[in-house]
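Trainee: Take a look and give me a structure for this.
(one chain, ligands or ions: 1)
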Amino acid sequence: MIDRRARASVKSLTTYQPGKPIEDVKRQFKLTSVIKLASNENALGPSPKAVAALRRATSGVHRYPDATCRELRGRLAKKLRVDPASLIFGNGSDELIVLALRAFVDPGDEVVVAAPTFLIYELQARACGASVVVVPLKEYRYDLRAMKTVVTPHTKLVFIANPDNPTGTYVTKKEFSAFLRDLPSDVIVFMDEAYYEFVEAGDYPQTLPQVRDRSLIVTRTFSKAYGLAGLRVGYGIAQPPMIAAMEAVREPFNVNSLAQVAATAALEDTQFLSRTLRTIREGRRYLTSELDALHVRHVPSATNFILIELGPGAAEIAQQLLERGVIVREMSGWKLSGCIRVTIGTMTENRRFMQALKQCLTQ
Ligand SMILES: *Cc1c(COP(=O)(O)O)cnc(C)c1O
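Mentor: So this is what the prediction gives:
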């Protein structure tokens, strides 16, 4: 129950439900071994270089963090070949969604989102008092043509998850260029590239070169491919004046000192990144061929997770998987009640998931 004195835009919100923690499931079902394939976390754990750097950094936590993320900013600017002033860091890339809304969206402004997509866009836009325009996906893919038709003079911002979560599909270079063509230049496009590192497709759009010429905010994260979800660090890239607007509304110490140190080290851990990408590629191949063999429909994924169609029994199967110690995401919160979303894990985890799923399906 939300207090009656809450702002009108807050009272109507439904709180975001994260994936279940492993410890809760162990306790609830008296299990000793539980695997979590529900939050698209890194199957291999954190980057070892990040962990080593963290150990060295703990003695400094009595100090406030560097409010500008100087070291991380410098390294990342060099790696991405962008102006350091075009970068902003957040407490996860989630925070950048909030900062963009806080910096650019007045109550009553229109914000365009897709459905189903990352739920935070709509939730936070509503919290800001924006008028949210929802455009359905078409066959599990963003329908950018339809999203452009709803743009009006009141539209301030358009959110695009590329690749999308929870579908795992991506917008192509051609589709994105067509979307940008003739889009009023005042409309801000928020391009959420949380799964950027996983994409292998040649027709995936490279957006950084377009940041200089457009009202475009691109965000990425250390939570997924770099394995640092628990530390909360993500970044955004945009024209320096747009970054300045977001900087003006962020808390000075939004990225903690351990997160900064770990992200800086993880950035250099190319070995860990390649091992992660290899694991995901192999796991995706295994899971899709097993699902095909069972004639279970699934959406082609460019990411480290797969959306699987199970039909009307999906929620029940998710529950049975839970009782077998396999946490997956049940999708009714996204209005995809016939589906589950499964994060690609290690091969041991993937096999355990498939075995449990087969048991559930043949019961
Ligand atoms: C996981 C995810 C994020 C961000 O995660 P942070 O941990 O806040 O960086 C952002 N967008 C999408 C679509 C995601 O799936």
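
Trainee: Walk me through the domains of this protein.
Mentor: Domain assignment for the chain by automatic domain parsing gives 8-45+271-362, 58-268.

Trainee: ok, the residue of the stretch 51-200 of the chain found nearest the ligand to R329 distance?
Mentor: Closest residue of the stretch 51-200 of the chain to the ligand, C-beta to the nearest ligand atom: G92 (2.6 Å). Every C-beta, even on glycine, is put in place using the N, C-alpha and C of the backbone. Distance, G92 to R329, by C-beta to C-beta, to the nearest Å: 18 Å.

Trainee: same check, this time on G234
Mentor: 20 Å.

Trainee: for T117, same thing?
Mentor: 14 Å.

Trainee: So which of those two has more stuff around it?
Mentor: Neighbours were counted for T117 and for R329 using other C-beta atoms under 10 Å; R329 has more, 25 against 22.

Trainee: Leaving out sequence neighbours, find the closest residue to the most centrally placed residue in the chain.
Mentor: Centroid check for the chain by C-alpha atoms, centre = their mean gives A194 as the closest residue, at 4.5 Å. In space, and not counting its chain neighbours, A194 is closest to T221: 4.9 Å by C-beta to C-beta, 6 or more residues apart in numbering.

Trainee: Tell me how far that neighbour lies from A38.
Mentor: The separation that T221 has from A38, given C-beta to C-beta, amounts to 17 Å.

Trainee: quick revisit: check contacts around the nearest residue to the residue of the stretch 51-200 of the chain closest to the ligand once chain neighbours are set aside.
Mentor: Nearest non-adjacent residue to G92, counting by C-beta to C-beta, 6+ apart: R232, 4.2 Å away. By C-beta atoms under 8 Å, 6 or more residues apart in numbering, the residues touching R232 are 91-92, 94-95, 223, 255-256, 259.

Trainee: want to try TSV for those residues, with pLDDT and neighbour count as columns?
Mentor: TSV is the format used below for the contacts of R232 (pLDDT from 0 to 100; neighbours: other C-beta atoms under 10 Å):
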residue	pLDDT	neighbour count
N91	98	20
G92	98	25
D94	97	20
E95	98	24
S223	98	22
V255	98	27
N256	98	16
A259	98	26
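
Trainee: want to try TSV for the residues you listed, with secondary structure as columns?
Mentor: Output for the contacts of R232, formatted as TSV (DSSP: H, G, I helix; E, B strand; the rest coil):
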residue	secondary structure
N91	coil
G92	coil
D94	helix
E95	helix
S223	coil
V255	coil
N256	coil
A259	helix
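
Trainee: any idea which of those is closest to D66?
Mentor: V255 (8.7 Å; C-beta to C-beta).

Trainee: Next up, phi/psi of that closest one, please.
Mentor: Per-residue torsions, V255: phi -110, psi 120 (degrees, to the nearest 10).

Trainee: Up against the ligand, what does the stretch 1-150 of the chain have?
Mentor: 40, 92-94, 118 (C-beta under 6 Å from any ligand atom).

Trainee: what helices or strands is the longest helix along the chain leaning on?
Mentor: If you go by DSSP state H, the chain has its longest helix at helix 270-293. With contacts taken as 3 or more C-beta pairs under 8 Å, 6 or more residues apart in numbering; DSSP states H and E, helix 270-293 sits against strand 305-309, helix 347-362.

Trainee: okay, the ones you listed, which one's buried deepest?
Mentor: strand 305-309 (a mean of 24; mean count of other C-beta atoms under 10 Å).

Trainee: Is it in proximity to the ligand?
Mentor: No: judged by C-beta under 6 Å from any ligand atom, strand 305-309 stays clear of the ligand, getting no closer than 8.5 Å.

Trainee: right, and N256 touches G230 too?
Mentor: No: proximity of N256 to G230 does not meet the contact threshold set by C-beta atoms under 8 Å, at 11.3 Å.

Trainee: Output the contacting helices and strands for the helix or strand harbouring A100.
Mentor: Element membership of A100, judged by DSSP states H and E, is helix 93-104. Contact analysis of helix 93-104 by 3+ C-beta pairs under 8 Å, 6+ apart lists strand 87-90, helix 119-127, strand 155-161, strand 188-192, strand 216-221, strand 234-237, helix 240-248 as its packing neighbours.
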